[in-house]
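Enquirer: Mind folding the following:
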Amino acid sequence: MEPRLSFVTLGVSDLQRATRFYADVLKLPQMPSPPSISFFELGRTWLALFPRHELAADAGVPAAGSGFPGFTLAHNVRSAAEVDQLLAEVKAGGGRIVKPGQQADWGGYSGYFADPDGFLWEVCWNPHFPHV
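Expert: Residues are numbered from 1 along each chain as shown. As a prediction, the model looks like this:
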């Protein structure tokens with residue numbers, strides 16, 4: 001298998017609300033999409049938003065379940081100040097701050113927010129990560 005991640009698809013409870021959050025609050029570039037799904041380009045990887053029950057049905061698993069899903073998404077920025085700025089924008093746009101920006105023991109600065117469906121995003125300034 002070639003080392004590549006093509007899509008990250010989030011199963012959301014309200015497609016219109018989630019689409020507004022990712023387009024208007026996070027300002028991700030939205031791609032043309034059919035009404036049943038929303039696509040956002042993140043470089044060579046795309047983010048897809050799809051109704052949770054339909055995504056579960058497509059995978060052949062139950063849609064019920066809650067709690068920590070065992071993963072987070074991460075967005076690296078160019079400075080610690082940018083972490084705080086983005087977290088403030090997310091809070092103003094309806095996201096929930098889970099962990100405010102703070103110094104990390106590995107030398108960077110990061111915080112976490114939850115989108116309207118509870119998906120966790122880390123916003124991070126990592127002086128050791130080359131891709132920002």
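Enquirer: residue ranges for the strands of the protein, please.
Expert: Taking DSSP state E, the strands of the chain run over residues 7-12, 30-31, 38-42, 45-51, 73-76, 96-103, 109-114, 120-125.
Enquirer: by contact count, what packs against the shortest one?
Expert: Using 3 or more CB pairs under 8 Å, 6 or more residues apart in numbering; DSSP states H and E as the contact criterion, the secondary-structure elements in contact with strand 30-31 are strand 38-42. Where you see a C-beta, it was placed from the backbone N, CA and C, and this is true even at glycine.
Enquirer: partners of the strand it packs on, with directions?
Expert: If you go by DSSP bridges, strand 38-42 pairs up with strand 30-31 (antiparallel), strand 45-51 (antiparallel).
Enquirer: domains of the chain?
Expert: Here the domain parsing of the chain from automatic domain parsing is 7-59, 73-125.
Enquirer: Export these to a markdown table and append columns for distance to His131, mean neighbour count and mean pLDDT.
Expert: Listed next are the domains of the chain as a markdown table, based on distance: least, CB to CB, whole Å; neighbours: other CB atoms under 10 Å; pLDDT from 0 to 100:
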| stretch | distance to His131 | mean neighbour count | mean pLDDT |
| --- | --- | --- | --- |
| domain 7-59 | 9 | 15 | 93 |
| domain 73-125 | 7 | 16 | 94 |
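Enquirer: could you redo those domains as CSV and give each row distance to Gly65?
Expert: Below are these laid out as CSV (distance: least, CB to CB, whole Å):
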stretch, distance to Gly65
domain 7-59, 9
domain 73-125, 11
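Enquirer: Minimum distance to Val132: which of these has it?
Expert: Among those, the nearest to Val132 by CB to CB is domain 73-125 (5.0 Å).
Enquirer: What is the end-to-end distance of the closest one?
Expert: Using CA to CA, to the nearest Å, one end of domain 73-125 lies 14 Å from the other.
Enquirer: next one: it to chain centre, how far?
Expert: 10 Å (CA atoms, centre = their mean, to the nearest Å).
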